[in-house]
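Asks: Dropping the sequence and predicted coords here.
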Amino acid sequence: MSAVASLFRNDYDAEGFRTCSVTGLDIHRSVENYVKLFGLTAVIALAVGGSFAFSVAMTRWEFIGLLDPSSYYTHLSIHAWNLLIFWMVFMEIAVLYVGGPMVLGRALPLRRLATVGWGTMVAGAIGVNASIWLSEAPNEAPLLTAYVPLPVTPWFYGAAIVFLLGATIASLPFFATIWSETRDSRRTLPLVAFGAFVTGIIAVEAIFGGIAAFAYALAWRIDLIASVDPGIYRQLYWIVGHGTQQINLLAMITVWYFLTHVVGGAVVISEKVSRTAFILYLFFINLGAAHHLLVDPGMSAGWRIWNTSYAFYGAAFASMIHAFAIPAGIEAGRRRRGQGGGLFGWLTSAPWRNPVFVSTIFSIILFGFLGGITGVVMGQIQVNMTWHNTLATVGHFHATVALGTTLAFFGLVLFVIKTMFRRDFVSDTLASAIPYAYGAAMSVATLMLMYAGILYGVPRRTAEVVRNIPGSEFNLSAAIPIFMIFGIFALLAILSGVLFVVVSVGSLLFGDRLAPGDDGGMLPDGGLHADGGDPIHAVELRGTFTLCLIFLGVFVAVYVLNWYLLTQLWAIGA
Amino acid sequence: MSNPLEDPDDDWWNSPVNRRESIWLGIAGAWSLGIFTWMAGFTQFGDQNPIGTTYDVDPDRYQERVGEYKEAAEETENGLVPPDSDVYVGAMRFNWDGLPTVLEAGREYDIHLGAYDVQHGFSVRPEENLNKQINLQVFPGSEWVIPMTFDEPGTYHVVCNEFCGQGHRTMHGRFTVVEG
């Protein structure tokens, strides 16, 4: 117990504040302790969900064929809920507390609510896991979606509602902070706080949709209502199903602005442009829930086109703004310090041994190239016919969540270990290896999922189909080589995830305590704030511009290739 | 000096935007509008659109309708030959009712999709070319009528790609497309 208690100890002044040796922020004990609490809980969910990644991947790799269908869907459900929901949402509450009271230098208000919210979320998370694990026939495993009218235990819907209510309660101290900071002043919040605020609003929208969906299904399961409409459930469900992933996106981008600044020396090249991008998200990103309904019966084409495009691609435009603004912030910050000449000197001279920096950069690159591009391409209603419910979809959201958001959150956890837990890593070499190993292995596994789905039409959510479809001569065995690569790299990715948990937990338990004022190697060369140099708008952003043109080239190529494959099909539709 | 952890300067809205960022905004905006226009336009001039007519139908009634269709169709070694250009497919745990079916290449059929019990996924590909494949969602309570014209003769396999229960992976059906 004392080991755990010591994790929550730091030297504070009489008012409970201390000054962070890296960010220079005035940090109150209350905020710091709750960030630690939610962060540690998130890592536990990561470890649980990651363990089930092993059994899921080793079943889909039919060469191993680990699980029977009777257990496969149960394992898949637990994998999905712990990684896509619990690991993410616990981290996101921590991100809200960092982006709100910590950045603003305030104590956490309404601490009792934070505790109640955390306890409710934990109860909901345990309840969801237990209801999945203990589910018996005729109930089926819910997977992530629990689509009605497939019978799923009512305990599952109940526990999911409890979790969502808990997340709502836990977000209240954040909103209270923003409210009290802005109500009497014409203050403009710092960009990170502003990003966190927009994240919080998107989160509340998503959560209300989720409560509506699960309450509707629960009412049907306990016979309060006689029948349930699968189309209505899907519309409600995807408000939270996709909405939670939009929370991931916004939280991740907020973390990008934060970490590229504190460990990479980035500046904000244009407050106006970056904030406008967040506003575009606020208005348009949740329309993207329609991505899941593009090949459903009953929706008009106009409804689908308007929503899937986030209204003329307003949110995709916003993402492309951040895709420029964040690397440009690094380039401007480093060029102004004289770090790096030529086109990419600012990038090659960056701290490539700092795992926080590398996690953030890989998160940006891999999210954009693998997750962002595929998301927009598969979100076009015609192309969606070739992606929907294939493993390519699974590849897409492993690129966004398992690569993009998870890598950003890896970076954040490692940063928190240094700056809030004040521990040195047990091994700098192992810590530095995490983003390289995980990023590389998960990228290959993700690409193989996309290839298996789009080039071989391998469905998602099935225990076997590649080597054998029981009762049929037909199979998809042409995809076997793809799965041999997938299986090996999935294993390597899981091992890299284990490395992250081992280094994190090991550093907390056995890492040396950092002396007061020690930055733990986190600060960029020349400190956080470099003086002098050109005004930002006059810095030559040649490197970022080149990188963005390469990105656009890949985007166009993937787009054209997918449309080419589509137009090779037989004629479909009116 | 603008940093994301501090309040911006008072005139932040009026600070000039870097020239290269302005150019990128133009490129990204044009690309966004371009792909929107292409997607919307393709519904008018393109041949592959997941667009059809949907009718509300009681699942039992839909099952009866598929039964009537099977009565009227001609049974052959390779499956049912539809009596006219309407083809009925009923998804059920764990079978595609109405399949296998024999169709003529180059002829437009109205494919009726519906389910009797839970949600299913209608996933079709020719045996010889797995990267030509399409996927449509099938609901109980909806009858979705989508026209299709198979231009190449051959065997087209149908699997279920929406989780529908423990036997989900066994759900397999077939279209045999013959020269018209």
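Replies: It's in. Keep in mind it's a predicted model, so treat the numbers as computed, not measured. Residues are numbered from 1 along each chain as shown, chains lettered A, B, ... in the order given.
Asks: can you pull out the strands in chain B?
Replies: Secondary structure of chain B (DSSP state E): strands at B:53-56, B:74-76, B:79-81, B:86-92, B:95-97, B:101-104, B:108-115, B:120-126, B:134-138, B:142-149, B:154-160, B:172-178.
Asks: Hmm, A:A80 and A:L144 touching each other?
Replies: Yes - between A:L144 and A:A80 there is a contact at 4.1 Å, judged by Cβ atoms under 8 Å. For the C-beta atoms, the positions are set from N, CA and C on the backbone; glycine is no exception.
Asks: Could I get the contacting residues of A:G411?
Replies: Shown in contact with A:G411 (Cβ atoms under 8 Å, 6 or more residues apart in numbering or on different chains): A:V255, A:L259, A:P355, A:V356, A:F357, A:V358, A:S359, A:T360, A:S363, A:P435.
Asks: swap that for A:A323, please
Replies: A:I364, A:G368, A:G372, A:C548, A:F551.
Asks: What of A:A277?
Replies: A:F317, A:A318, A:S319, A:I321, A:H322, A:A325 are the contacts of A:A277 under Cβ under 8 Å, 6+ apart.
Asks: I'd say the fourth one and A:R275 touch.
Replies: Same thing as A:I321. No - contact criterion Cβ under 8 Å: A:I321 and A:R275 do not qualify, at 10.1 Å.
Asks: More neighbours: which of the two?
Replies: Per other Cβ atoms under 10 Å in any protein chain shown, whichever of A:I321 and A:R275 has more neighbours is A:I321, with 23 against 20.
Asks: distance of the more buried one from A:A159?
Replies: The spacing between A:I321 and A:A159, counted by Cβ to Cβ, to the nearest Å, is 38 Å.
Asks: For A:T393, see how far away the residue positioned nearest the centre of chain B is.
Replies: Against the mean C-alpha coordinate of chain B, by Cα atoms, centre = their mean, the closest residue is B:L136 at 3.0 Å. Counting by Cβ to Cβ, the gap from B:L136 to A:T393 is 14 Å.
Asks: tell me the phi and psi of the nearest residue to A:G158 once chain neighbours are set aside?
Replies: Distances taken as Cβ to Cβ, 6 or more residues apart in numbering or on different chains place A:L218 nearest to A:G158, at 6.0 Å, with adjacent residues excluded. The phi/psi pair for A:L218 (degrees, to the nearest 10) reads phi -60, psi -40.
Asks: Model confidence for A:L218, exactly?
Replies: Looking at A:L218, its pLDDT reads 98.
Asks: need the strands for chain A, in chain order.
Replies: Counting by DSSP E, the strands of chain A are A:17-19, A:26-28, A:571-572.
Asks: Go ahead and flag the most central residue of chain A.
Replies: A:T405 (3.1 Å).
Asks: list the contacts for that one?
Replies: A:T405 makes contact with A:M88, A:N248, A:L249, A:A251, A:M252, A:S363, A:F367 under the criterion Cβ under 8 Å, 6+ apart.
Asks: For the first one, give me its contacts.
Replies: Which is A:M88. Counted by Cβ under 8 Å, 6+ apart, A:M88 has contacts A:A42, A:T244, A:I247, A:N248, A:A251, A:V401, A:T405, A:F409.
Asks: Quick one: list the elements packing against the longest helix along chain B.
Replies: What stands out as the longest helix in chain B, according to DSSP state H, is helix B:19-45. Packing partners of helix B:19-45 (3 or more Cβ pairs under 8 Å, 6 or more residues apart in numbering or on different chains; DSSP states H and E): helix A:301-308, helix A:310-336, helix A:381-387, helix A:542-567.
Asks: in it, what's buried?
Replies: Under the neighbour-count criterion of 16 or more other Cβ atoms under 10 Å in any protein chain shown, helix B:19-45 has B:20-21, B:24-25, B:28, B:31-32, B:35-36, B:39-40, B:42-43 buried.
Asks: Please work out the angle formed by the directions of that helix and helix A:542-567.
Replies: In terms of direction (axes from the mean of the first three to the mean of the last three Cα atoms, to 10 degrees), helix B:19-45 departs from helix A:542-567 by 10 degrees.
Asks: could you give the mean pLDDT of helix B:19-45?
Replies: Mean predicted lDDT for helix B:19-45 stands at 97.
Asks: Repeat that for stretch A:459-479.
Replies: Computed over stretch A:459-479, the average pLDDT equals 94.
Asks: And for the residue nearest to A:V501 when sequence neighbours are not counted, the neighbour number?
Replies: Using Cβ to Cβ, 6+ apart and skipping residues adjacent in sequence, the residue nearest A:V501 is A:A47, 5.3 Å away. A:A47: 17 surrounding residues under other Cβ under 10 Å.
Asks: right, and the strands of chain A - which one's nearest A:P230?
Replies: Across those, the minimum distance to A:P230, taken as Cβ to Cβ, is reached by strand A:571-572, at 22.3 Å.
Asks: State the distance from A:I161 to A:S131.
Replies: Counting by Cβ to Cβ, the gap from A:I161 to A:S131 is 12 Å.
Asks: can you tell me the distance between the two ends of stretch A:423-431?
Replies: 13 Å (Cα to Cα, to the nearest Å).
Asks: before we move on, what about stretch A:398-413?
Replies: 20 Å.
Asks: Off-centre distance for that stretch?
Replies: From the chain centre to the centre of stretch A:398-413 is a distance of 6 Å (Cα atoms, centre = their mean, to the nearest Å).
Asks: Tell me the buried residues in it?
Replies: Within stretch A:398-413, the residues that qualify as buried are A:398-413, counting by 16+ other Cβ under 10 Å.
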